[in-house]
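# Build me a model:
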Amino acid sequence: MSFKRTTTGYGDFSSTAKRYAHLAPSYATSVLRSLKAHVHQGEKDLRIADVGAGTGKLALQLSELGFTGYAIEPNDAMRAEGQSCLRTEHGFQWLAGSAEMTTLPDASVDWICMGTAFHWADPVRTLTEFYRVLRPHGFFTAIWSVADYKRDDLRRRIEQRIEEIEPGLQRSYQLALRVMDDVEEILLRSGQFADCLQIEATNFEPRSRAQFMESWHCNHDIVSQVSPVRWQEILDTIEDMIPSEPLTLQYRTRSWTVRRTSMS
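Modelled structure (predicted):
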């Protein structure tokens with residue numbers, strides 16, 4: 001289907017950066033702690049880069065685990081909001097850059113993370129760039145925190161209803177799930193990275209009814225493909241489906257970590 005563009009473009013979070021900053025789900029602490037143990041391996045002061053950092057949700061959680069480094073984000077509005085949430089005292093320097101062009105020097109970091117962002121990147125160019133900026137035997141982690149559509153009955157029913165109202169929408173979460181299905185092969189096929197470790201866990205996020213509806217107003221994929229009238233119909237339908245009491249949303253944090261090889 002062809003996109004019917006509105007003021008929000010597919011994959012563009014510019015107009016929703018302030019909402020996104022406090023509504024995006026966190027990453028399961030158990031996964032992050034396990035990743036810390038894996039990448040540390042006796043090293044003391046690792047320098048890390050959160051690429052596609054958005055408003056700094058992942059970088060903030062990593063700073064709480066003692067990491068410092070760079071938060072790299074291409075979108076000006078998201079980066080500006082992130083700078084107010086993740087300030088310099090957290091140990092992260094904000095940079096304008098992308099996965100394909102981080103602006104970091106050669107061999108300058110020990111660990112690169114992409115939080116719910118690798119599905120937006122060009123994988124070949126991204127992995128080549130990460131190979132360049134990682135120190136020998138450094139790590140790259142592609143990690144997502146996405147709604148657990150298999151186990152969260154409310155989210156599953158809402159998605160089924162959206163599909164009935166507007167069939168064939170190109171949903172960003174479906175893109176992320178497709179990339180996750182193939183991510184190990186993507187990470188290993190170039191020979192630049194090896195030793196893939198997968199870690200995942202369930203995490204839960206409390207939300208009020210108002211917060212849940214506000215999160216839908218952060219949407220960029222549906223709103224960029226439908227008319228304003230149809231989008232309002234979808235929002236009204238969602239509002240009618242959710243209970244009046246506070247919600248507990250179920251998310252799944254999934255991560256894949258590879259180690260930089262020493263290619264000849």
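
# can you give me the strands in the stretch 51-200 of the chain?
68-72, 92-95, 109-115, 134-147, 193-207 (DSSP state E, counting those that start in this stretch).

# what about the stretch 151-264 of the chain, any weak spots by pLDDT?
263-264 (pLDDT under 70).

# OK, contacts around residue 19?
Neighbour list for residue 19: 214-215, 217-218 [criterion: CB atoms under 8 Å, 6 or more residues apart in numbering]. Quick note: C-beta positions are derived from backbone N, CA and C, even for glycine.

# Put the buried members of the residues you listed into a ChimeraX selection.
Filtering the contacts of residue 19 down to the buried ones (16 or more other CB atoms under 10 Å) takes a single ChimeraX command:
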select :215,218
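
# which helices and strands does the longest helix anywhere in the chain pack with?
Looking across the chain with DSSP state H, the single longest helix is helix 172-188. If you count contacts as 3 or more CB pairs under 8 Å, 6 or more residues apart in numbering; DSSP states H and E, helix 172-188 packs onto helix 123-133, strand 134-147, strand 193-207, strand 247-260.

# now with 7 Å?
Other elements packing on helix 172-188 under the criterion 3 or more CB pairs under 7 Å, 6 or more residues apart in numbering; DSSP states H and E are strand 134-147, strand 193-207, strand 247-260.

# now these in TSV, with mean neighbour count and distance to residue 112?
Shown next, in TSV, are the helices and strands packed on helix 172-188 (neighbours: other CB atoms under 10 Å; distance: least, CB to CB, whole Å):
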stretch	mean neighbour count	distance to residue 112
strand 134-147	21	5
strand 193-207	15	11
strand 247-260	20	9
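
# Between those strands, which one is closest to residue 102.
Set against residue 102 and scored by CB to CB, the helices and strands packed on helix 172-188 come closest in strand 134-147, at 10.4 Å.

# That closest one: how far from the chain's middle?
Relative to its chain's centre, strand 134-147 lies at 11 Å (CA atoms, centre = their mean, to the nearest Å).

# again, but for stretch 108-116
12 Å.

# For it, C-alpha coordinates in CSV please.
What follows is stretch 108-116, C-alpha atoms only, in CSV (Å, rounded to 0.1, in the frame of the first residue of the first chain):
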residue,chain,number,x,y,z
SER,A,108,37.4,4.4,20.9
VAL,A,109,34.8,2.3,22.7
ASP,A,110,34.6,-1.1,24.3
TRP,A,111,30.9,-1.7,24.0
ILE,A,112,28.2,-0.4,21.6
CYS,A,113,24.5,-0.8,22.3
MET,A,114,21.5,-0.1,20.1
GLY,A,115,18.2,0.0,22.1
THR,A,116,15.1,-0.8,20.1
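
# does residue 86 really touch residue 57, like I thought?
No: using CB atoms under 7 Å, residue 86 makes no contact with residue 57, being 8.6 Å away.

# so where is the stretch 1-150 of the chain shaky, pLDDT-wise?
For the stretch 1-150 of the chain, residues meeting the criterion pLDDT under 70 lie at 1-17, 20-21, 42-44.

# and with 50 instead?
1-7 (pLDDT under 50).

# The longest helix of the chain: which residues count as buried?
172-173, 176, 179-180, 183, 186-188.

# Which member of those residues is positioned nearest residue 153?
The closest of these, once distances to residue 153 are taken by CB to CB, is residue 173, at 16.4 Å.

# Looks like that closest one contacts residue 145 (just checking).
No: here residue 173 lies out of contact with residue 145, judged by CB under 7 Å, at a distance of 11.2 Å.
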